[in-house]
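Visitor: Got a predicted model here, sequence first, then my questions.
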Amino acid sequence: MGFNTMSTKQFLTFSLKSQPYGVPIGSVREINRVTDITPVPQTPGFVAGVINLRGKVIPVVDLRMKFGIPSVPHTRETCIIVIESDAGQVGMIVDSVSGVIDLSAEQIEPRPAMGEESKISYVIGMGKIDNTVVILIDIVKALGHSELTKIQNAISSQNIAA
């Protein structure tokens, strides 16, 4: 993903275990408080379940679990970021949402070589703001198209009514 095509890019920032992350604002549909999440059997462990979002059932992923970070009880700061993917809308549970930031090309560095590239291919860069590093991720890629499709199929096969 080339960042030099535009002088600045906007990212929605959120945190997991006090580490800031950023996702391109274009993939974000909305941000909601955590509501009742209905667990769905036979889905991967990082899938918290589904929510009814204005009559539409969408899967919700616990991003802490997906990234291998121990889960913690939800707080008043915990949010669900709803993103648009090829497989439909998906909610992601994050510890808190910080806001939207503008990063110039000079503030974004490529991801450093760290271990197995295929496992971190969703990291699209490192944003530098003062002394803070924001891990920039392609959230759709992080969740994986095949995983999203499997989750959607598992939910569909359960005939969960909105």
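Guide: Sure thing, it's come through.
Visitor: What residues sit buried inside the worst-scoring helix or strand of the chain on mean pLDDT?
Guide: Lowest mean confidence among the helices and strands of the chain (mean pLDDT, DSSP states H and E): helix 145-157, at a mean of 71. By neighbour count on 16 or more other C-beta atoms under 10 Å, the buried set for helix 145-157 is E147, L148, K150, I151, Q152, A154, I155. Where you see a C-beta, it was placed from the backbone N, CA and C, and this is true even at glycine.
Visitor: With stretch 62-69 instead?
Guide: Quick answer for stretch 62-69 (16+ other C-beta under 10 Å): D62, L63, R64, M65, K66, F67.
Visitor: This protein: helices as residue ranges?
Guide: 63-66, 139-143, 145-157 (DSSP state H).
Visitor: Q42 contacts I151, correct?
Guide: No - look at Q42 against I151 with C-beta atoms under 8 Å: they stay out of range, at 10.1 Å.
Visitor: Sketch out the low-pLDDT regions of this structure for me.
Guide: Residue ranges of the chain with pLDDT under 70: 1-6, 114-119, 145, 157-162.
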